[in-house]
Each structure stands twice: as structure tokens, then as C-alpha cells.
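S.K.: sequence unknown, structure follows:
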């Protein structure tokens with residue numbers, strides 16, 4: 001037996017009062033003189049004994065009456081639970097897009113919501129609800145049902161480990177009685193049960209909701225190829241998961257107008273690329289669309305194309321002619337100057353600055369470069385035959401990227417390209433094993449911080465290094481490129497290396513962004529009169545996290561917007577550009593863990609094939625049988641017994 005209000009039991013000490021009264025009660029007798037007291041003495045003894053019996057019975061009755069009354073106010077109950085503390089139930093309901101899949105009785109999420117509403121009983125349990133986009137604490141059953149009705153699909157998929165951390169934070173301290181209820185399809189992409197460790201003090205109930213068929217068709221990705229000034233090619237990859245599909249129709253919409261249609265056949269677990277060709281235009285937005293009867297969130301794919309912005313490149317040095325041939329006017333705004341004629345105020349207007357074989361780097365240039373790099377721009381450092389190592393190390397130390405240790409006069413061959421480095425993505429179709437190795441007759445030895453190798457010498461020392469600096473990159477070439485020292489400027493390798501210095505990792509021309517991922521959108525600040533920008537469409541509007549530098553505004557998004565589509569970046573009433581947001585495609589592949597077999601190896605976890613069975617078991621465990629009414633009956637019973645004793649034992 002347990003008590004809802006156990007503190008009231010302290011009032012049982014009041015039972016001492018009638019006992020003390022009984023013990024110390026003094027009765028005074030009146031003396032009467034008789035000539036013969038032989039018979040009276042016998043009557044007196046009999047009356048005295050009956051009086052004591054009566055008082056003892058009434059005392060016991062009153063003690064039981066008061067005790068039952070106190071116990072009734074303490075509200076006793078019987079329960080399967082072993083603690084008297086308030087029960088806690090924490091429910092995780094997975095509302096990710098994979099729960100759109102259809103089970104025996106409709107969509108998995110909608111069926112789960114119905115089962116929760118119909119099965120939970122109104123009791124003294126404190127309930128908390130976790131979804132992929134909400135955390136709600138201390139709900140009553142009525143409030144829980146109202147909140148469950150409001151749950152909709154979320155583009156954010158939580159890892160199960162994250163859910164367990166949130167459950168741990170929600171638990172009341174020093175309360176060992178917590179029931180954890182986990183409802184999900186337990187996809188393999190974010191429910192790695194094999195490495196999951198459950199808290200041994202909690203009881204976990206797993207309910208896995210699975211679709212009738214784990215089949216799906218998805219638009220996986222979209223990219224744009226500009227062949228010439230007349231046509232644009234739009235390509236997309238369509239994937240099939242556990243499904244054969246014939247005559248699947250895909251439609252292309254450009255600026256909301258139907259611009260093309262095609263049909264394809266897909267084999268089970270395969271993918272196919274499709275292509276549309278449209279007339280050349282600088283600015284447009286589009287949507288690819290298909291129809292299948294499984295998941296709907298990945299049936300549309302939005303994209304956006306805008307006029308490419310030319311990358312501003314500034315070369316500071318004497319020998320800049322070879323750079324002019326790489327940074328051409330169609331993609332770059334290339335400017336060159338010598339150190340003597342350098343206008344320091346122009347440095348911050350560029351996305352790439354090349355220090356091309358400077359004999360020394362003055363302090364004024366070091367400070368200007370540091371301020372320039374703080375604006376998320378890139379830097380290339382090429383040493384000179386006559387480099388003043390001390391001045392170069394002054395720059396390295398200021399940027400905290402390492403130091404130059406010595407000069408090397410030995411001839412070296414440039415033999416190795418790091419094809420796996422992201423810098424060379426989409427540059428080489430095949431690895432080149434045999435090519436005319438460029439050489440250098442002079443190089444500099446360095447120790448660099450946070451660096452990786454792009455191109456190496458035959459002795460495995462770096463020729464071209466990429467250095468991570470805050471949010472940008474610095475590139476160091478270990479040798480001068482003067483033709484008297486090296487023939488690298490005549491090598492075919494120079495074009496992809498220097499070209500990627502100018503365009504690598506720029507996201508200003510991305511055709512779409514994914515909701516739920518960390519995205520950065522760069523807006524040139526010269527176009528913006530006010531600092532606060534908005535992202536909006538016809539349905540919603542929000543102010544994203546944004547950082548302003550002297551040359552640009554960096555917008556960051558992750559969990560917003562919540563819905564896919566085409567959005568606009570605006571500055572008050574001025575439209576700056578369009579953005580395309582899509583849902584992440586990871587959930588498109590319907591692959592699940594075998595939760596039932598995994599649960600069998602965990603003593604504090606149980607598995608139920610349906611939500612109703614799991615909740616009914618939870619209700620049974622939480623059910624209380626109240627006993628206070630019984631003790632009120634006892635109070636009335638003992639009150640009646642005392643009344644009878646008073647009447648029957650009068651004589």
C-alpha cells in the first residue's frame with residue numbers, strides 16, 4: 001500500500017491524546033455509610049470491572065476511528081509501482097518524413113497519433129512529449145492528446161542518441177520511476193541501435209511502426225550545365241528504392257511554367273540521370289516533379305540559377321603575365337599591380353589576393369592582409385627567389401599559420417596530385433600516372449598549422465598546401481614560379497590549380513540548399529543599403545542569422561525555413577535574389593533496424609508490435625487502486641460501534 005499524501009500520516013501522533021486522557025482520567029467516588037456492606041461490596045466490584053471494560057472498548061474504537069480518518073486523508077492506493085513518488089512518462093514520437101509511409105491502416109504517423117489519443121488513460125502520471133521539432137514537459141493526459149493532434153511532419157530527423165540525451169534532461173532528479181516510450185520506424189540512417197546504451201535505471205518501451213512495403217522513388221539531386229550562350233542543360237538523378245518502375249513521368253517547371261516532360265524506366269535499387277535543355281537565360285528558378293504512391297516529401301525538387309558573379313582577383317607582384325591567361329574576363333575581374341603602386345584600400349574588394357614573388361612583405365601589407373582575410377576571402381602566397389624569410393615569417397606569425405624554416409637549393413620533381421582532396425573535385429576525370437613532371441630548382445621548407453597537401457614533390461614534401469584559416473583558406477606554394485627557377489608555369493597542372501584558387505568552395509552560385517543542414521549564403525554588401533535582410537515567400541517570412549563584413553553579408557540557415565520551395569532574399573522592398581530549399585534526401589531510403597531482436601538482449605527494454613499494446617501495458621503499470629473510500633467506510637463503521645457501546649454498556 002502506498003500513499004499519495006504520506007506526510008499526513010504524521011498526524012497519527014494525535015492518537016496519543018486519547019490514550020493519555022484515558023490513563024490519567026481520575027474518577028471521584030461518593031462514600032455512603034451502610035450497616036451491612038457484605039452484599040454491596042460484591043456489587044461494587046462487578047460495577048467497577050464493567051466500567052473499565054466499557055472505557056477500554058470505547059478507547060480502542062475511537063483510536064481506530066481517528067487512525068482510519070487520518071489514513072483516508074493520506075489517500076492510500078495499491079499500484080504495481082514500487083515507489084510512492086509521482087510517476088513520470090516520457091514519450092518520443094518520431095514525426096520525420098519517413099513516417100509518411102503507409103502501413104496497414106494509413107500513414108504511420110497519423111495512425112500513431114490516433115492510437116495515442118485513444119489509448120492513454122487519465123491518471124496521476126506526469127507526461128512529457130518529445131518530437132523532432134518540439135519538447136513539451138509536464139503534460140496532463142488531456143493536454144497530451146491536444147498536443148498530439150497538432151503534430152505535423154518535420155524536415156528534421158533526430159538521431160536516437162540525441163533523443164535519449166533529451167530524455168535524460170527531462171527526468172526529475174532523484175525520481176527513479178520513469179517510463180520511456182519510444183515510437184518510431186527506427187531507420188538505419190539515424191537509429192544506430194548496435195552502439196546504443198540504455199540507462200539501467202529506466203524502463204524503455206520500443207514500438208516500431210513499419211510500412212507494408214519499404215518502396216520509394218526519389219528525385220535525388222539536380223545540377224545545371226551551361227554549354228554555351230544559347231542553351232542550358234539541367235540534369236537530375238532519379239533513384240529507386242526496392243521498386244521497379246516503368247514509364248515514370250518527370251515534369252520540369254521553369255518560373256512556374258511547364259517547360260518539359262520525360263518518362264523513364266527504373267529497375268529495383270537503381271538510379272538514372274535525366275536531362276532537359278532550355279534556352280539560355282541568366283536568372284530563373286525551377287522545379288522537377290514526379291508522382292509516386294509512397295513517400296511524397298521527395299517528389300519535388302526546387303532549384304535556382306542566377307547570373308554568375310565574376311570573382312575579383314588581385315595579383316601583387318612583378319611577373320603576373322601568366323595569371324592574366326588564367327583569370328579571364330568571362331569569369332574573373334583580374335587586376336594586377338606592383339607593391340610600390342599598391343592601393344591598400346582596394347585589397348578588401350577582392351575575393352582572391354595573390355602575393356606573387358614579393359622580395360619582402362612590409363608590416364603595412366601584413367596588417368592589410370589580416371583584415372582582408374577576416375572578411376572570408378582567400379590568399380595565395382608565392383615566395384620569391386630573393387624572399388626575405390624574416391618578413392615572410394612576420395606574416396605567418398601574425399596569421400598563426402606556421403613558419404618558414406629554411407631555403408633548399410636542390411632540384412625537385414613535382415610528381416603527386418592529391419586527387420582525393422575536395423580541392424580537386426570535378427577537375428580530373430581520370431588519375432594521371434604518367435605526365436611530364438614539372439621541376440623546381442629552389443624551394444622553402446616550412447612547418448604549417450592546420451594544413452593539407454594538394455600537390456607534392458617526389459620526396460613527399462608539399463609543393464602546394466592548403467591552410468585552414470578561420471572560415472577561409474590560405475594557399476602556400478613552396479617554390480618561386482620564376483622561369484629561371486621552375487617550369488611549373490608551362491605545365492598543364494597550373495591551370496586547374498590557379499583556377500580553383502579563384503572559384504573553389506564558393507557557394508554563391510549553388511542551385512539549392514538543404515533544410516536541416518548548415519547553409520551559408522553570401523550577398524555582396526555593395527548591393528545592400530540596410531544590414532537586416534529577410535527571407536520570405538507567400539506563406540512565411542523570417543530574419544535569418546546574418547553577419548556583415550566590409551564586402552559581404554553572410555546569411556546562415558539550418559532549421560528554417562521548415563518547408564521546401566522557392567524563397568526570396570529581400571532588403572526592405574528590394575528583391576536581391578531567389579533561393580531554393582529542399583528537404584534532405586537521406587530518409588528516402590527505407591531501411592530499418594530489427595528492433596525486436598535487439599530488445600531481447602536488453603533487460604530493461606520491452607518491445608510491442610503496436611502502440612495500443614504498448615500503451616495498455618503502460619497504463620496497467622501506472623494504474624492505481626484507491627483505498628481512501630474504504631477507510632472512510634471504516635470511520636463510519638467505528639463511529640457506529642462507539643454509539644452502540646455507549647448505549648449497550650450503560651448499565
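M.R.: In hand now; what should we look at? Quantities reported herein were computed from a predicted structural model and do not represent experimental measurements. Numbers count the residues shown, from 1 in each chain.
S.K.: Next, the distance between the ends of stretch 394-408.
M.R.: One end of stretch 394-408 to the other measures 20 Å (C-alpha to C-alpha, to the nearest Å).
S.K.: residues of that stretch that come out buried?
M.R.: Within stretch 394-408, the residues scored as buried using 16 or more other C-beta atoms under 10 Å are 394, 395, 396, 399, 401, 402, 404, 408. The C-beta positions use only the backbone N, C-alpha and C, and glycine is treated the same way.
S.K.: Where helices are concerned, which of those count?
M.R.: Among the buried residues of stretch 394-408, DSSP state H puts 394, 395, 396, 399 in helices.
S.K.: And the closest residue to the first one other than its chain neighbours, its phi and psi?
M.R.: So the one you mean is residue 394. The spatially closest residue to residue 394, leaving aside those adjacent along the chain, is residue 366, at 5.9 Å (C-beta to C-beta, 6 or more residues apart in numbering). Torsion angles at residue 366 (phi, psi; degrees, to the nearest 10) stand at phi -60, psi -50.
S.K.: shouldn't residue 366 be in contact with residue 398?
M.R.: Yes - with contact defined as C-beta atoms under 8 Å, residue 366 reaches residue 398; the gap is 5.3 Å.
S.K.: For stretch 209-220, buried residues please.
M.R.: In terms of neighbour count (16+ other C-beta under 10 Å), stretch 209-220 has its buried residues at 209, 210, 211, 214, 215, 216, 217, 218, 219.
S.K.: ok, the first one - contacts?
M.R.: Pointing back at residue 209 there. Contacts here follow C-beta atoms under 8 Å, 6 or more residues apart in numbering; on that basis residue 209 touches 99, 103, 108, 111, 112, 183, 184, 185, 611.
S.K.: any idea what sits nearest residue 342, other than its immediate chain neighbours?
M.R.: Nearest non-adjacent residue to residue 342, counting by C-beta to C-beta, 6+ apart: residue 316, 5.9 Å away.
S.K.: typo on my end, it should be residue 73
M.R.: The nearest residue in space to residue 73 (C-beta to C-beta, 6+ apart) is residue 8, at 5.0 Å.
S.K.: Do me a favour and get the end-to-end distance for stretch 311-330?
M.R.: Start-to-end span of stretch 311-330 (C-alpha to C-alpha) is 10 Å.
S.K.: And for stretch 537-554?
M.R.: Start-to-end span of stretch 537-554 (C-alpha to C-alpha) is 20 Å.
S.K.: do stretch 470-483 as well
M.R.: End-to-end span of stretch 470-483 (C-alpha to C-alpha): 34 Å.
S.K.: buried residues in that stretch?
M.R.: By neighbour count on 16+ other C-beta under 10 Å, the buried set for stretch 470-483 is 472, 473, 474, 475, 476, 477, 478, 479, 480, 481, 482.
S.K.: which intervals of the stretch 501-650 of the chain have sub-threshold pLDDT?
M.R.: 504-509, 525-531, 549-551, 617-628, 645, 648-650 (pLDDT under 70).
S.K.: quick one, strands of it?
M.R.: For the stretch 501-650 of the chain, the strands defined by DSSP state E, counting those that start in this stretch cover 513-515, 519-524, 534-536, 541-542, 545-548, 552-557, 565-571, 574-583, 605-608, 624-626.
S.K.: Please name whichever of those is nearest to residue 310.
M.R.: Closest approach to residue 310 among the strands of the stretch 501-650 of the chain (C-beta to C-beta): strand 519-524, 11.0 Å.
S.K.: partner strands of the closest one, parallel or antiparallel?
M.R.: Within its sheet, and counting by DSSP bridges, strand 519-524 is paired with strand 552-557 (antiparallel).
S.K.: Now do the partner strand and strand 565-571, the angle between them.
M.R.: Orientation check (axes from the mean of the first three to the mean of the last three C-alpha atoms, to 10 degrees): strand 552-557 against strand 565-571 gives 140 degrees.
S.K.: And for strand 552-557, what's in contact with it?
M.R.: Contacts of strand 552-557 (C-beta under 8 Å, 6+ apart): 375-376, 513, 518-525, 528, 531, 533, 535, 544-548, 569, 581.
S.K.: Mind doing that once more with 10 Å?
M.R.: Strand 552-557 is contacted by residues 351, 375-377, 471, 508, 513-528, 531-533, 535, 542-548, 567, 569, 571, 576, 579, 581 when judged by C-beta atoms under 10 Å, 6 or more residues apart in numbering.
S.K.: Drop anything exposed from these.
M.R.: Using 16+ other C-beta under 10 Å as the burial test, these include 351, 375-377, 508, 513-516, 519, 521-523, 525, 528, 533, 535, 544, 546, 567, 569, 571, 576, 579, 581 as buried.
S.K.: what's the weakest-modelled helix or strand in the chain?
M.R.: When each helix and strand of the chain is scored by mean pLDDT, DSSP states H and E, strand 624-626 comes last, with a mean of 58.
S.K.: Could you report the neighbour count for the closest residue in space to residue 300 that isn't next to it in sequence?
M.R.: Nearest non-adjacent residue to residue 300, counting by C-beta to C-beta, 6+ apart: residue 289, 5.1 Å away. Counted by other C-beta atoms under 10 Å, the residues lying close to residue 289 total 16.
S.K.: Now the phi/psi pair for residue 289, please.
M.R.: For residue 289, the backbone dihedrals (degrees, to the nearest 10) come out as phi -140, psi 140.
S.K.: Dig out what it forms beta bridges with.
M.R.: Listed by DSSP bridges, the beta-bridge partners for residue 289 are residue 251, residue 300.
S.K.: middle-most residue in the protein, spatially?
M.R.: Centroid-nearest residue in the chain: residue 158, 5.6 Å away (criterion: C-alpha atoms, centre = their mean).
S.K.: got the domain boundaries for the chain?
M.R.: 2-80+627-648, 88-213+591-622, 216-306, 311-503, 513-583 (automatic domain parsing).
S.K.: Rebuild the ones in helices among the buried residues of stretch 394-408 as a markdown table, extending it with distance to residue 629 and pLDDT.
M.R.: Below are these laid out as a markdown table (distance: C-beta to C-beta, whole Å; pLDDT from 0 to 100):
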| residue | distance to residue 629 | pLDDT |
| --- | --- | --- |
| 394 | 88 | 92 |
| 395 | 86 | 91 |
| 396 | 84 | 92 |
| 399 | 79 | 90 |
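S.K.: Closest one of those to residue 630?
M.R.: Minimum distance to residue 630 across those is 80.6 Å, recorded for residue 399 (C-beta to C-beta).
S.K.: what stretches of the stretch 351-500 of the chain score poorly on pLDDT?
M.R.: Using pLDDT under 70, the stretch 351-500 of the chain drops low at 376, 425-435.
S.K.: what about residue 166, how many neighbours?
M.R.: When neighbours are counted by other C-beta under 10 Å, residue 166 registers 14.
S.K.: List of residues touching whichever strand or helix holds it?
M.R.: Using DSSP states H and E, residue 166 falls within helix 160-170. The contact list for helix 160-170 (C-beta under 10 Å, 6+ apart) reads 88, 90-92, 94, 128-132, 135-138, 158-159, 178, 180-182, 184, 186-187, 190-193, 195-199, 202, 204, 593.
S.K.: buried subset of these?
M.R.: Buried members of the contacts of helix 160-170, counted by 16+ other C-beta under 10 Å: 88, 90-92, 94, 128-132, 136, 158, 178, 180-182, 184, 186-187, 190-191, 193, 198, 202, 204, 593.
S.K.: I'd like the list of those that fall within strands, please.
M.R.: 88, 90-92, 128-130, 136, 178, 180-182, 184, 204 (DSSP state E).
S.K.: Can you tell me which of those residues is nearest residue 55?
M.R.: Set against residue 55, the nearest of those by C-beta to C-beta is residue 88 (50.2 Å).
S.K.: The closest one is in contact with residue 139, isn't it?
M.R.: No - between residue 88 and residue 139 there is no contact under C-beta atoms under 10 Å: 11.1 Å.
S.K.: which intervals of the stretch 201-350 of the chain have sub-threshold pLDDT?
M.R.: 201, 226-229, 307-308.
S.K.: No further questions, thank you.
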